[in-house]
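Engineer: heads up, no residue letters with this:
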């Protein structure tokens, strides 16, 4: 593969499994690899964006950080899909709830991703393309959650470029339209997967609420994301 290594990933051909879990935080990738994978080995350290490959229930699996925002996951997912032969990427991350009936620690599976970003413009579609999860991965995740006894919400999520904004009411429209929560990466991931003919899914844990004064501490985030990770691992093992 003449395109590898890349300026962002030093891994060699064959270093990545066909399925990759992608948390935003590279240290969470390290935690997942060391906690859940058998015989994990580090395959990337460039820019501190750690990536590991090991096995889960006998199946080869990789985990890699994506960084924050669509530009960052856009680069890493593009290279994994198009240069490293990865077929499936499952994002595992945090989200801010938008709906009143979505609470802290709820697990959300993003069926679709509404995008507030110029990222889709590059594809030159004469309108608004709808970034969607892969149905096979989505179905596998819902079934995995049921087996684990973990309730999940499945629906539309919002993917935005900005964390801090001068538009204080920017989520109101999406709230009216039933969007469950907001994060910053799924839009680019779903679009890259569609363009490459590959598969992607976003599984989220609610860490705060946009309309209520509640949020998890850093420690609660670390300890409370286990159910989401277990769903993602079981999904990966089934595809």
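Structural biologist: Good, I have the coordinates. Only a predicted model underlies this, so the values are computations on that prediction, with no experimental measurement involved. Numbering: from 1, shown residues only.
Engineer: isn't there a strand covering residue 94?
Structural biologist: Yes - with DSSP: H, G, I helix; E, B strand; the rest coil as the criterion, residue 94 is located in a strand.
Engineer: now the residue nearest the centre of the chain, nearest residue through space, not along the chain?
Structural biologist: Central residue of the chain (Cα atoms, centre = their mean): residue 91, 1.8 Å from the mean position. Ranked by Cβ to Cβ, 6 or more residues apart in numbering and with sequence neighbours excluded, the top spatial neighbour of residue 91 is residue 202, at 4.4 Å. Using the backbone N, CA and C atoms, a C-beta is placed for each residue, glycine as well.
Engineer: could you pull out the strands for the protein?
Structural biologist: Ranges of strands in the chain, per DSSP state E, are 19-22, 38-44, 51-56, 59-64, 88-97, 107-116, 152-160, 181-183, 199-209.
Engineer: Of these, flag the one that's most buried.
Structural biologist: Counting by mean count of other Cβ atoms under 10 Å, strand 19-22 has the highest mean neighbour count of the strands of the chain, with a mean of 27.
Engineer: Against which helices or strands is it packed?
Structural biologist: For strand 19-22, the packing partners by 3 or more Cβ pairs under 8 Å, 6 or more residues apart in numbering; DSSP states H and E come out as helix 26-36, strand 59-64, helix 70-82, strand 88-97, helix 226-238.
Engineer: relative orientation of the last one and strand 51-56 in degrees?
Structural biologist: I take that to be helix 226-238. Here helix 226-238 runs at 70 degrees with respect to strand 51-56, directions being taken by axes from the mean of the first three to the mean of the last three Cα atoms, to 10 degrees.
Engineer: list the helices and strands helix 226-238 packs on?
Structural biologist: Counting by 3+ Cβ pairs under 8 Å, 6+ apart, helix 226-238 packs on strand 19-22, helix 26-36, strand 51-56, strand 59-64, strand 88-97, strand 107-116, helix 135-148, strand 199-209.
Engineer: Name the helix or strand of the chain that has the lowest mean pLDDT.
Structural biologist: Of all the helices and strands that make up the chain, helix 218-224 has the lowest average by mean pLDDT, DSSP states H and E, namely a mean of 73.
Engineer: outside of that helix, which residues touch it?
Structural biologist: 28, 31, 94, 105, 205, 207, 216 (Cβ atoms under 8 Å, 6 or more residues apart in numbering).
Engineer: Identify the residue nearest the first one in space, chain neighbours excluded?
Structural biologist: The spatially closest residue to residue 28, leaving aside those adjacent along the chain, is residue 65, at 7.1 Å (Cβ to Cβ, 6+ apart).
Engineer: Can you pull the phi/psi pair for the one you found?
Structural biologist: Main-chain torsions, residue 65, degrees, to the nearest 10: phi -70, psi 150.
Engineer: That one touches residue 23, doesn't it?
Structural biologist: Yes - in terms of Cβ atoms under 8 Å, residue 65 counts as a neighbour of residue 23; the distance is 6.2 Å.
Engineer: Overlap of the contact sets of those two?
Structural biologist: Taking Cβ under 8 Å, 6+ apart as the criterion, residue 65 and residue 23 both touch residue 29.
Engineer: From residue 219, how far off is residue 58?
Structural biologist: 32 Å (Cβ to Cβ, to the nearest Å).
Engineer: what's the answer for residue 122, then?
Structural biologist: 39 Å.
Engineer: pLDDT weak spots in this structure?
Structural biologist: The model of the chain has pLDDT under 70 over residues 1, 222-223.
Engineer: re earlier: dump the strands of the chain to a markdown table, plus distance to residue 138.
Structural biologist: Output for the strands of the chain, formatted as a markdown table (distance: least, Cβ to Cβ, whole Å):
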| stretch | distance to residue 138 |
| --- | --- |
| strand 19-22 | 14 |
| strand 38-44 | 27 |
| strand 51-56 | 20 |
| strand 59-64 | 18 |
| strand 88-97 | 10 |
| strand 107-116 | 6 |
| strand 152-160 | 7 |
| strand 181-183 | 16 |
| strand 199-209 | 6 |
